[in-house]
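1. let's see this in three dimensions:
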Amino acid sequence: MLTSTAAFAWLSLVTLHGGFWRTGHRLPPAAAAAGPLPSVIAVIPARNEAAVLPACLPTLLGQDYPGRFSVIVVDDDSTDGTAKLASQLADAVQATTGGGPELTVVTARPAPAGWAGKVWAMSEGVRAAGDADYLLFTDADIAYAPGTLEGLASAAFGRYDLLSQMALLRASTPAEKLLIPAFVYFFAQLYPFRRVSQPRSRTAAAAGGCMLVRPQLLAEAGGLEQIRSARIDDVALGRLLKRAGGRCWLGLTHDVLSMRSYERLADV
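-> All right, here's what the predicted structure looks like:
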């Protein structure tokens, strides 16, 4: 009996659970071009990220994006010079390339009671952002391959209200090799990417390292205040937008990379 039950469970997971174990759910092709690419403002919550910013922020500032693009770094009570370093990195990119997007460093106000720290920092970035076709919520430890932003915006514009890619996580240290692949597959088992990407499916999620969001729908859904206490903010945001009628997509990529290292099992 137990053997039959286990066999049925595995058969259901393999055949009926959205193909969660497959790794081929990648960025859809760009929508047909009908004009200029959408304007994008990236929002990066950052608390004590000076160690990782040099490997990551220049890759976003260096995107050769043909549309209007700017970056907001929200300094969330850092004590390691994160804000100053972000400005210095932006100056270095502009000196090297002769251009690059505008960078604004925002000092987050103290979080009100009931708000999770990261969600509050994200909301401070939205507050400072102004008008844009899309907001790119990303993390301070995320690096972008050249051309990634253009691919994201081209695929999303006129088609998706939330387009999210799970960053390629490091698997170099023994702790990472042991736990990171299992984490990715467990996440995909809970939230099969293909189901997230199906409008008729109730499954909703996102990957917090890279979330391209249409701000108009976010505002119509009540804004980030609706998920203010969320610790797993990406899944909560995906659920909020999909329940508001948003068209959502979630997939895998090798072009968005997490540069954060985990030396110990406890760190992971």
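
2. for residue 47, list the residues it contacts.
-> Residues near residue 47 by CB atoms under 8 Å, 6 or more residues apart in numbering: 75, 76, 77, 78, 82, 117, 121. Where you see a C-beta, it was placed from the backbone N, CA and C, and this is true even at glycine.

3. give me that answer again for 6 Å
-> 76, 78 (CB atoms under 6 Å, 6 or more residues apart in numbering).

4. residues near the residue lying closest to residue 112 once chain neighbours are set aside, how many?
-> Using CB to CB, 6 or more residues apart in numbering and skipping the chain neighbours, the partner closest in space to residue 112 is residue 120 (7.3 Å). Residue 120 sits with 22 neighbouring residues when counted by other CB atoms under 10 Å.

5. and what of residue 187?
-> If you count neighbours by other CB under 10 Å, residue 187 ends up with 17.

6. could you pull out the strands for the protein?
-> Counting by DSSP state E, one finds strands in the chain at the ranges 40-46, 69-75, 102-107, 134-138, 142-144, 162-168, 210-213, 248-258.

7. export those as a markdown table, with columns for mean neighbour count.
-> Below are these laid out as a markdown table (neighbours: other CB atoms under 10 Å):
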| stretch | mean neighbour count |
| --- | --- |
| strand 40-46 | 26 |
| strand 69-75 | 24 |
| strand 102-107 | 17 |
| strand 134-138 | 24 |
| strand 142-144 | 23 |
| strand 162-168 | 25 |
| strand 210-213 | 26 |
| strand 248-258 | 21 |
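
8. the ones you listed: which one's closest to residue 54?
-> Comparing the strands of the chain by their distance to residue 54 (CB to CB), the top pick is strand 142-144, with 10.4 Å.

9. elements contacting that closest one?
-> Secondary-structure packing of strand 142-144 (3 or more CB pairs under 6 Å, 6 or more residues apart in numbering; DSSP states H and E): helix 53-61.

10. give me that answer again for 10 Å
-> With contacts defined as 3 or more CB pairs under 10 Å, 6 or more residues apart in numbering; DSSP states H and E, strand 142-144 has these neighbours: helix 53-61, strand 162-168, strand 248-258.

11. residue 259 reaches residue 56, doesn't it?
-> Yes: counting by CB atoms under 10 Å, a contact exists between residue 259 and residue 56, whose distance comes to 5.5 Å.
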